[in-house]
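>>> next input, structure requested:
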Amino acid sequence: MNCKHDFIFFEKADEKEIKKEKEKARSLKKKQWWKNKLASGICHYCGKKVGRENLTMDHVVPLIRGGKSTKGNIVAACKECNSKKKYMTPVEWEEYIQKLKGEDG
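Numbers count the residues shown, from 1 in each chain. Model (predicted):
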C-alpha cells in the first residue's frame, strides 16, 4: 500500500460539515483542556519533546475522512508528524511508520 496515494475513505465529509468541525476545533483551542495538552510539549505520535510552540492540533481521524472535533479525536502533534500524517487514519499512519522503521512484513 502506498500511503501517499492509497487511502481507504470511510465517509467523505461535505464542506459544510468540515467547516462546522473546524469551528469546533478553533473553540477547543481556547479551552484549558487544550492548553493542558500542549503543556508537556510532547508529540502524541513520535514522542519527541518539541516544546508547546511547535505542537499543532491534529484530528486522529481527519475531518475529511469523517472525523469530528472532539476531545477523543484531537491530539497535540509536532508539525513534522502532522504534515506527514495528513489525511491518514490511525491504521494507515501505523502502517506508514512501520514501513519507515523497516518492520513491515
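>>> shaky segments in this structure?
Low-confidence segments of the chain (pLDDT under 70): 1-11, 103-105.
>>> which residues does K49 contact?
For K49, the contacting residues are S40, G41, I42, by Cβ atoms under 8 Å, 6 or more residues apart in numbering. C-beta here means a position set from N, CA and C on the backbone, and glycine is covered the same way.
>>> got a list of what the second one touches?
Under the criterion of Cβ under 8 Å, 6+ apart, the contact list for G41 reads K49, V50, G51, R52, N54, L55.
>>> burial measure for A13, as a count.
By the measure other Cβ atoms under 10 Å, the count of residues near A13 is 19.
>>> return the set of buried residues in the lengthiest helix in the chain.
Of all segments of type helix in the chain, defined using DSSP state H, the longest is helix 15-29. Neighbour-count burial for helix 15-29 flags I18, E21, A25, L28 (criterion: 16 or more other Cβ atoms under 10 Å).
>>> burial measure for the closest residue to the third one other than its chain neighbours, as a count.
Of all residues not flanking A25 in the chain, S69 sits nearest, at 4.2 Å (Cβ to Cβ, 6 or more residues apart in numbering). Each residue near S69 was counted by other Cβ under 10 Å, and the total is 20.
>>> any idea how far S69 is from C43?
Remark: distance between S69 and C43 (Cβ to Cβ, to the nearest Å) = 19 Å.
>>> how about the contacts made by the spatially most central residue of the chain?
In the chain, the residue lying closest to the centroid (Cα atoms, centre = their mean) is D58, at 3.1 Å. Shown in contact with D58 (Cβ under 8 Å, 6+ apart): H44, Y45, I74, V75, A76, A77, C81, N82, K85.
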